[in-house]
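>>> what shape does this take:
(2 chains)
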Amino acid sequence: MAVNAIIISMIDIRVKLARLVEEALKSAIAKGALSQFEVPEVQMERPREKAHGDWATNIALTSAARAKLPPRKLAETIVENLPVDASVSGVEVAGPGFINFRLSNAWLHEVVRAVDVEGESFGRSNFGGGLKVNLEFVSANPVGPMHVGHGRWAAVGDTLANVFSATGHDVTREFYINDYGSQMNIFASSVAARYAELLGAEVEFPENGYRGEYIRDIAREIISRDGDGYLSLSTEEREAIFKETAYRQVLTHIKKTLHTMGVDFDIWFSERTIHESTEIKKTIDFLRKRGYIYEAEGATWFKAKAFGEEKDRVLIRENGEPTYFAADIAYHKDKLDRGYDLMIDIWGADHHGYVARMKAAVQALGHPRDKLEVILGQLVNLMRGGEPVRMSKRTGEMVTLDELVDEVGRDAVRFLFLMRSTDTALDFDIELAKEKSNENPVYYVQYAHARISSILRYAAEESAAANKSDYSLLNEAPELDLIRKIAEWPEVLEGAARIRSPHFLTRYAHELASSFHYFYTRCRVVTEDAALTAARIGLVKTAQTLLRIVLKLLGVSAPERM
RNA sequence: GCGCCUGUAGCUCAGGGGAUAGAGCGUUGGUCUCCGGAACCAAAGGCCGCAGGUUCGAAUCCUGCCAGGCGCACCA
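Now for the predicted structure:
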């Protein structure tokens, strides 16, 4: 019970401080120290400057006019009326009228204890309130190996999903397989041509066919498995068969690559199943009933203009074939029908022109347009030793995601992909990623974890780990700094979920590692003083727990030795 | 032409209305009798693309311009 109270006070410190300020305002008004005025919600924020304490509020600045007092004077009055609280060790008025709060060492010690009790669930919350979220990402065409850009979305999507799970969302990872349309046909005919060619037949390679070497690899796989039997078939028959077998091969390959990256989807949704069912027709009928469909120029149109779009869009072409957009609306309707509260799609930035259109469709389906959220990801520029890696789609000359993961390893790939905000292009240097040096942030963070393991091994040998920890002995600046960093975690995690920014985690991991390393060089863990040793071992363990939590969410390993 | 993203230290980037704009790398100079030196500390380095506006306060929000990237299909 007591432990519970501590944990709650810790996580809600922000709320708690805000309440103290509110109480101060109320009692000042009651006492007549302030004139009656409407008190707005008290905002607490993290000062940028360390010297300004742990938390600050601008309430005196925002309310000065209403209170008819200069900001600093108002701030002073609030401080004078502030109730005493054990978690606060200092309050001061600063600058134009900020009120700065410093948290007490006792409060910080309770943070360490909270991590002791909660372990790896420290920082988890019910922020999402059980919101059902569908996260769709990667969604590559199954016509060839994935490129490095797909890898970035895989890492971002997967970690975002982890973050959502940790913050009380009910999340589903979904991959929309774009296995329908002309490119599938081109793919099949390309494989069929290479197949025949490899078996010595005279064939003309399709003009717009895929010329990448991987097409030959797929053909070779078919040959080694099924032999040359398909050669006797007509080109059409062969292509029809390959459209299936080659497709299955590629899809299996995609799943394997993603799995190697630690990314596993809950749902693989085939676009083809939409076309093969009556879903598109049903969706269009549904929209027609709602008045958003009309026929013109032989085609069926969606009234996108009704939702502020520049122009209406074709759903059924003149030739009777539905467009990609039509299938996509049916797909999103399917997701909505499955009962998700929120759909988040991660798309390449080159699809940004499509976002508003899709949101309009969601609206037309009778849902708020914000039920669909699109994260647009910028490109990955592959570098090697500072030089861009040349890639050509036309000749099929490229570095695949597979090769990248193979060469630099899953940990570095994931971590480096997650270091940047999704809306900035990312330079990925293969040489840097492989480097086991201080230039490589992945190793910096993992090293902190391994170093703690090493300390704990040493401590066990010295049999210093057995004592119960009294954290009130931790009062050195490096110790308190480390604890402050640990205490930040719940906010960081919630922020990553709220702003859909997994890069908060890599950043935090680096800062945490840095706080630990600084502590380590200043404070000896295993000493003659048994009580202090026990306390520091406890602290080091909590730091390690935090590193584990973050690395796990990032999908990066936390090695005991390296 | 219209739209989206980006422009912050030499380089790569954080910063989602707050105080003296931060981190990593690089540069320069330091720190090891002891738990992992893949570490730590310090210094130098900035008209936050430019110009206006909004307000107590702007790198952040709005408008215009400049530069780079990407889109503007009965393609997917």
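>>> outline the domain layout of chain A.
Listed domain ranges for chain A are A:2-103, A:132-177+A:264-377, A:182-260, A:438-554 (source: automatic domain parsing).
>>> quick one: average pLDDT of the second one?
Here the mean pLDDT over domain A:132-177+A:264-377 is 95, rounded to a whole number.
>>> show the pLDDT at residue A:464.
Per-residue pLDDT puts residue A:464 at 68.
>>> go on, residue A:382?
So residue A:382 comes in at 87 (pLDDT).
>>> which elements pack onto the host helix or strand of it?
Following DSSP states H and E, one finds residue A:382 within strand A:380-384. Helices and strands touching strand A:380-384, by 3 or more C-beta pairs under 8 Å, 6 or more residues apart in numbering; DSSP states H and E, are helix A:148-166, strand A:426-429, helix A:430-434. Heads up, the C-betas are built off the backbone N, CA and C, glycines and all.
>>> so the first one versus strand A:380-384, what angle?
Following axes from the mean of the first three to the mean of the last three C-alpha atoms, to 10 degrees, one obtains 120 degrees for the angle between helix A:148-166 and strand A:380-384.
>>> so the closest residue to RNA strand B within the stretch 451-562 of chain A, which of the three states?
Closest residue of the stretch 451-562 of chain A to RNA strand B, C-beta to the nearest atom of the strand: residue A:454 (2.6 Å). Under DSSP: H, G, I helix; E, B strand; the rest coil, residue A:454 falls in the helix class.
>>> flag every residue of the stretch 401-550 of chain A that's near RNA strand B.
A:419-421, A:423-427, A:436-439, A:441, A:443-444, A:447, A:450-451, A:453-455, A:458-459, A:499-501, A:503, A:507, A:510, A:513-514, A:517-518, A:520-526 (C-beta under 7 Å from any atom of the strand).
>>> contacts only, for the residue nearest to residue A:145 when sequence neighbours are not counted.
Computed as C-beta to C-beta, 6 or more residues apart in numbering, the closest residue to residue A:145 that is not its neighbour in sequence is residue A:400, at 4.1 Å. Residues in contact with residue A:400 (C-beta atoms under 8 Å, 6 or more residues apart in numbering) are A:145-148, A:214.
>>> how about the helices in the stretch 401-550 of chain A?
Secondary structure of the stretch 401-550 of chain A (DSSP state H, counting those that start in this stretch): helices located at A:401-408, A:410-417, A:430-434, A:441-461, A:477-498, A:503-522, A:530-554.
>>> give me the angle between the fourth one and helix A:410-417.
Counting by the same axes, to 10 degrees, helix A:441-461 points 130 degrees away from the direction of helix A:410-417.
>>> from the contact counts, what lies against helix A:441-461?
When contacts are defined as 3+ C-beta pairs under 8 Å, 6+ apart, helix A:441-461 packs onto helix A:410-417, helix A:503-522, helix A:530-554.
>>> please work out which of these is packed deepest.
helix A:410-417 (a mean of 25; mean count of other C-beta atoms under 10 Å).
>>> now that one: average pLDDT?
Helix A:410-417 shows a mean pLDDT of 94.
>>> contact partners of it?
For helix A:410-417, with C-beta under 8 Å, 6+ apart as the criterion, the contacting residues are A:151-152, A:155-156, A:159, A:260-262, A:380, A:404-405, A:426, A:428, A:433-434, A:440-442, A:445-446, A:506, A:554-557.
>>> thinking again about what came up before, nearest to residue A:60, of the helices and strands packed on helix A:441-461?
helix A:503-522 (29.8 Å; C-beta to C-beta).
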